[in-house]
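Novice: Sequence below, structure please.
(2 chains)
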Amino acid sequence: MLHLTGVKVTHYSIMIKKLLSNILSQREEQRRAELYRNLIRREAKLGGQLFGPVPKGGRREFFCLDKNTWVWHEEWIDANRQHQARATRYDVRPNGILKAQNGQYQAVTPEEAKKLYEAAQLYTQRVKNELYSFAV
Amino acid sequence: MNRQDNTIETLRTNAPGELVKHREYELDLAMPLLRQAVEASGVVLTHEFSPAAHYEEKVIQQVRPQTQTAIHREHQEGVTDMFLHRANEAVDAAFDGGEGNPLFDYDQKAA
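Specialist: Below you'll find the predicted structure:
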């Protein structure tokens, strides 16, 4: 009986350790995920400043979501004092760029593609110089 | 770290500094892919857009008025110098012709 109790105690001890380990691991995972999102948020804010001042009451973000995706988000107050928002996602593919707005896809014009490329170059330069240049 | 294994999932369990490195790496990957896609869209990117050149132009725009101000100031100072020079010449001339003039005959006054 004593032996069995000892086995049970050891068993419970291992379970609790595993449980704690999982919780800590999950928290660490969540912390790093949050950190990563914060990096993207900071990039997006900086990216939004590349195109000049944002009108009062508006908001603009431009960022690289991943190596194949660029996002433009704009909010503004229209002439009727109504809040408007538009999110544009650019999907970079080997044969061209697709633009997604309100769930609808369309190919970008050569002019827009060129502007996107120039903006992305400036964005990359500034993000590296201003956000990550002092990172360890 | 092996860049082949440099995925977000891997990095999320590593040091925060690795997240930044990954992010920079991702941007390095994104630009050539974007360039390829832009060229596939029919755009000929003969001229490499240079953010440095963009900044250079901005700097030139900011510096230009300062330079003009500096030139203007120098010109003003030049004019001032010219006046001072003329004044000195006048004073020198006055001294030259000052013999016998009690205003310039300090030795005589001191005596």
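Novice: could you point out which element follows the helix or strand containing residue A:61?
Specialist: Counting by DSSP states H and E, the secondary-structure element that holds residue A:61 is strand A:59-66. Scanning forward in sequence from strand A:59-66 by DSSP H and E, the next helix or strand is strand A:69-77.
Novice: For the helix or strand just after that next one, list every residue counted as buried.
Specialist: Toward the C-terminal end, the helix or strand that comes next after strand A:69-77 (DSSP H and E) is strand A:83-93. Residues A:88, A:90, A:91, A:92 are the ones in strand A:83-93 that count as buried (16 or more other CB atoms under 10 Å in any protein chain shown). The way it works is simple: take the backbone N, C-alpha and C, and place the C-beta from them, glycine included.
Novice: near chain B, anything from stretch A:56-65?
Specialist: Yes - applying CB under 8 Å from any CB of the partner chain, one finds stretch A:56-65 in contact with chain B at residue A:64.
Novice: gap between the helix or strand of chain A with the lowest mean pLDDT and the chain center?
Specialist: Sorted by mean pLDDT, DSSP states H and E, the helices and strands of chain A end with helix A:2-48, the least confident at a mean of 78. Shown here is helix A:2-48, whose average C-alpha point lies 22 Å from the average C-alpha point of the whole chain (CA atoms, centre = their mean, to the nearest Å).
Novice: before we move on, back to that, just the angle between the strand holding residue A:61 and strand A:69-77, please?
Specialist: Strand A:59-66 runs at 170 degrees relative to strand A:69-77, counting by axes from the mean of the first three to the mean of the last three CA atoms, to 10 degrees.
Novice: pLDDT on strand A:59-66, on average?
Specialist: Averaged across strand A:59-66, pLDDT comes to 94.
Novice: Just name whatever secondary elements that strand is in contact with.
Specialist: Applying 3 or more CB pairs under 8 Å, 6 or more residues apart in numbering or on different chains; DSSP states H and E, one finds that strand A:59-66 contacts helix A:2-48, strand A:69-77, helix A:110-126, helix B:16-40.
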